[in-house]
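> pasting the structure only:
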C-alpha cells in the first residue's frame, strides 16, 4: 500500500542529511481540499531520544510478569474504547473514511488488544524429546526495542495489532503513524501510552525521512505495513543493523470467478472487494478473471453495482490528491491500451480527492491495473476461456498477499488452493476469516506472520535449554567430600569461639 514511513514517492533518506521540515506536515481535508492543520515533524535528535528511552525501559519491561503486561493491554483497550468517537472523527477528517467505518476499525483495534492480553500470558515454548534423565525445552524472550511503522487506510486497527503483540511479548515500542494521519496517530499514542510504564510505548510523527531514521537505528525488530518499495528499503536497513523485519506490503490480489456460480452474487462479491473503503485496503480485489460462460451477466451486474455506489454517494474520497493522481494514471494507461470504462474512469469535478467506482472491461495482462497495486475503487475485468486459464493468470505477478476464488467445483477449489502463490486463499468470500487468523505474505507482498498468535513469535526470539543430571558421585569421592566438609565446620567453630 502506498504512504507510511517509507513512501513509494519519497526519496531514500539517511540520518546524516535529514532535517525536519520547519513547516511541519500539512493535512488537507480529502473531501474539501481545505487545510485542516499542520503537525510538527520530529527532529533527528527527538527520534534518537525516543529509541534511547525505549532501550532504557526495555530490561524492566521484559522482566515484568506476562500477566501484568496483559493487564496493561486491557487498560489500554478500555482507554481506546472511551476515546473511540474522538478518534473516529479524526480518522474521518484526515483520511475521509466515514465515521461509522472508522468506528468499526477502532472496534477491531480494541478487540485485538484484548486478544493479545489473553494470548500473551499463555504464549509458550516447546518441550523436546531427549535423554530420559535430561530436560530439553525452549523459552520465548522479547527481542528488545521494536519500531512500528503503520499505514493510514485502517490506522487504528493495524497499529493496535502491532502494538499489542509487541508489548505483551515484553518489547518496548516506538510507533510512527503515517504522515497522512499524523494527528490521529498522536492522539492514539496519547490514549494508549498512560496504560504502560514510562518509555514502554512512544509515538513520533514524521514522514518518510523519520521512518528511515527509525529503521536505521540500533533496534531489535522493525514491523512495517505499507508499500512494497518502502518495505524493500526497510529490509535492507534491517540487514545492515541486524534487526528482525516483519513486513506486510503491497498486493495485486486476484479474484477468479468460475462458470458455475451465480453471476449476480459474484458481481456483488467483486464490488465489495474492489470498492470497500474506496479500494484502499491491502487485500482489496485488484484484478478480476471471469469465465466467458457467465461474463456478460457478471459484467452487467458489476457495472450496476458501481453505478449504484456512484449515484448514492457512498464512495468516500481517496486519502489525497496524490493518491487520486496515481489511481487515475493507471486507469488512463488501461484506456490507452484498449480497455473500456463502462462506469466511472474519469476525474470528477469539484473539490476534494473523490474518484468514482470504476469498471474496466477488455483488460489484458499488459495493463498496469492488472499488474500493479492500484489502491483505488477500480474493478478491472479480463474474460478467460477456462478455469485453468484464469488460474494461470491469477498465479502471475510479483505480489503474494491474498487471492479469492468463487466456485462450487471442489476440484477447481483444490487446484487453486494448491497453486496460488499467496499467503491467504479465500473461497467464496472476499472478506472474512476466523478471529486470530494470521497470514504470511509472499513475494513483494512482505515476509513474516502478521496478526494472530504467530505474531507473538515474530516479536520473540527462542532460547533452547538443555538440563542434564550430573554423574553419580563415587563412594571415595563422597567420603572425601564429607571429610572436607567436616574440616570446614571445625575451622568455623574455632573462629566463632575466638
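Received, thanks. Since we're looking at a predicted model, the values are computed, not measured.

> Within the sheet, what are the partner strands of the strand or helix carrying residue 223, with directions?
Secondary structure assignment for residue 223, by DSSP states H and E: strand 221-225. Applying DSSP bridges, strand 221-225 is found paired with strand 145-149 (parallel), strand 244-248 (parallel).

> Torsion angles phi and psi at residue 25?
When read as degrees, to the nearest 10, the backbone of residue 25 gives phi -100, psi 120.

> give the contact list for the closest residue in space to it that isn't next to it in sequence.
Take residue 25 and drop its neighbours on the chain: the residue closest to it by C-beta to C-beta, 6 or more residues apart in numbering is residue 39, 4.8 Å away. The way it works is simple: take the backbone N, C-alpha and C, and place the C-beta from them, glycine included. By C-beta atoms under 8 Å, 6 or more residues apart in numbering, residue 39 lies in contact with 24-25, 27, 182-183, 186, 205.

> Nearest residue to the middle of the chain?
Against the mean C-alpha coordinate of the chain, by C-alpha atoms, centre = their mean, the closest residue is residue 225 at 4.1 Å.

> what's near enough to touch residue 110?
77, 80-81, 84, 160.

> Also residue 61?
Contact analysis of residue 61 by C-beta under 8 Å, 6+ apart lists 69, 142, 167, 170-172, 196-197, 200.

> If you compare the directions of the helix or strand encompassing it and strand 145-149, what angle comes out?
Assigned by DSSP H and E, residue 61 belongs to helix 44-63. Taking axes from the mean of the first three to the mean of the last three C-alpha atoms, to 10 degrees, one finds helix 44-63 and strand 145-149 inclined to each other by 120 degrees.

> How about helix 44-63, which residues are buried there?
Buried residues in helix 44-63, counting neighbours by 16 or more other C-beta atoms under 10 Å, are found at 44, 46-48, 50-51, 53-55, 57-58, 61-62.

> Settle this for me: residue 463 is touching residue 141, isn't it.
Yes: contact criterion C-beta atoms under 8 Å: residue 463 and residue 141 qualify, at 5.9 Å.

> Neighbour count: the two, which is higher?
Neighbours were counted for residue 463 and for residue 141 using other C-beta atoms under 10 Å; residue 141 has more, 15 against 11.

> Surely residue 310 touches residue 343?
Yes: if you go by C-beta under 8 Å, residue 310 and residue 343 touch, sitting 6.9 Å apart.

> quick one: common contacting residues for the two?
356-357.

> Could you check how many residues crowd around residue 265?
So residue 265, with other C-beta under 10 Å, has 13 neighbours.

> same check, this time on the one 3 residues further on
By the measure other C-beta under 10 Å, the count of residues near residue 268 is 16.

> Could you do the one 3 residues further on as well?
Counted with other C-beta under 10 Å, the neighbours of residue 271 add up to 24.

> residues touching the closest residue to residue 103 other than its chain neighbours, list them.
The spatial neighbour of residue 103 that comes closest, neighbours along the chain excluded (C-beta to C-beta, 6+ apart), is residue 88 at 4.6 Å. Contact analysis of residue 88 by C-beta under 8 Å, 6+ apart lists 99, 102-103, 106.

> Centre of the chain to the helix or strand where residue 88 lies, how far?
Using DSSP H and E, residue 88 sits within helix 84-95. On the basis of C-alpha atoms, centre = their mean, to the nearest Å, helix 84-95 sits 20 Å off its chain's mean C-alpha point.

> now residue 374: how far from residue 403?
Distance of residue 374 to residue 403, computed by C-beta to C-beta, to the nearest Å: 16 Å.

> what's the answer for residue 260, then?
Distance, residue 260 to residue 403, by C-beta to C-beta: 18 Å.

> In stretch 398-411, which residues are buried?
In stretch 398-411, counting by 16+ other C-beta under 10 Å, buried: 399-407.

> Make JSON lines from the strands paired with strand 221-225 and add mean neighbour count to it.
Shown next, in JSON lines, are the strands paired with strand 221-225 (neighbours: other C-beta atoms under 10 Å):
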{"stretch": "strand 145-149", "mean neighbour count": "29"}
{"stretch": "strand 244-248", "mean neighbour count": "24"}
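
> wait, which of these is closest to residue 470?
Across the strands paired with strand 221-225, residue 470 has its closest neighbour in strand 244-248 (36.4 Å, C-beta to C-beta).
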